[in-house]
Each structure stands twice: as C-alpha cells, then as structure tokens.
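>>> Turn this into a model:
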Amino acid sequence: MREGLGVALALRQELLERGPAQAAAIRPWLELGFLCDTAELSLASALFRTESRGAHFRKDFRITDDAAWKGSVFADSWDGVLDLSYAGLPEGRPCRMIPSFAPSRSGGRRC
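Presented below is the predicted three-dimensional model:
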C-alpha cells in the first residue's frame, strides 16, 4: 500500500508539473488528477486503519478490532497536507449512512 501511495503522489506531482498538453486535454488531465486524489485518500485511509474490516483486508492486521475501530475515518486536506482522524460511534447510537457533521480540523466529528 505504501508503494501504491508513493506512485499516486508521484503521478499527481508529474501532472501538476506538466499541465495539460493542450486546451482539449484539460478535462482528461483534471480527471486523472481526481483519480490520484481518490487513490491517495483510499490508500492513506487503509494504512491509517490498523485492522481488517469487510472487503478491507490487511495481511499485517488480520483481525477486526471493534473496540478500537468501530466508527469513521475522516480525511481533510490543509495546505496540501492530508490530515486523517477517527471518531468512534456514540454509545448506544448506530451510525447513519450519510453522516451529518460540521467540518472541524480537530477531527472531533461524530455520526
């Protein structure tokens, strides 16, 4: 996963340095940048969560750890730096599929 994250970051940097080849290439250039963003978020989040859960299986962390990881991982970007945080589920309250929260740099968001 770390290698894949490095590849995504390097590709994004190369895209930024080169820019689109011509005006007609702006849309594919932007879309490839968005794919790099998605890859970075997916891989960084997977590395952040040190457990296996559902389709997210890690050879180095093979078990599901509800006590430590039953909740949500949030990602923010501040000045180009990815900031990951975790919020557990409130006691006695299941998480909704679409969380309602106010953005906060502290990571103190809850479902």
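
>>> who's Leu84 bridged to?
Residues in a beta bridge with Leu84, per DSSP bridges, are Ala75.

>>> Could you tell me how many residues sit around it?
By the measure other CB atoms under 10 Å, the count of residues near Leu84 is 15. No exception for glycine: its C-beta is placed from N, CA and C like everyone else's.

>>> Show the pLDDT at it.
We have a pLDDT of 91 for Leu84.

>>> just Ser45 next, same as before
Ser45 is assigned a pLDDT of 89 by the prediction.

>>> Grab the nearest non-local neighbour of it.
Take Ser45 and drop its neighbours on the chain: the residue closest to it by CB to CB, 6 or more residues apart in numbering is Val73, 5.2 Å away.

>>> In terms of secondary structure, what does the strand or helix carrying that neighbour contact?
Secondary structure assignment for Val73, by DSSP states H and E: strand 71-78. Applying 3 or more CB pairs under 8 Å, 6 or more residues apart in numbering; DSSP states H and E, we find strand 71-78 packed against helix 26-48, strand 81-88.
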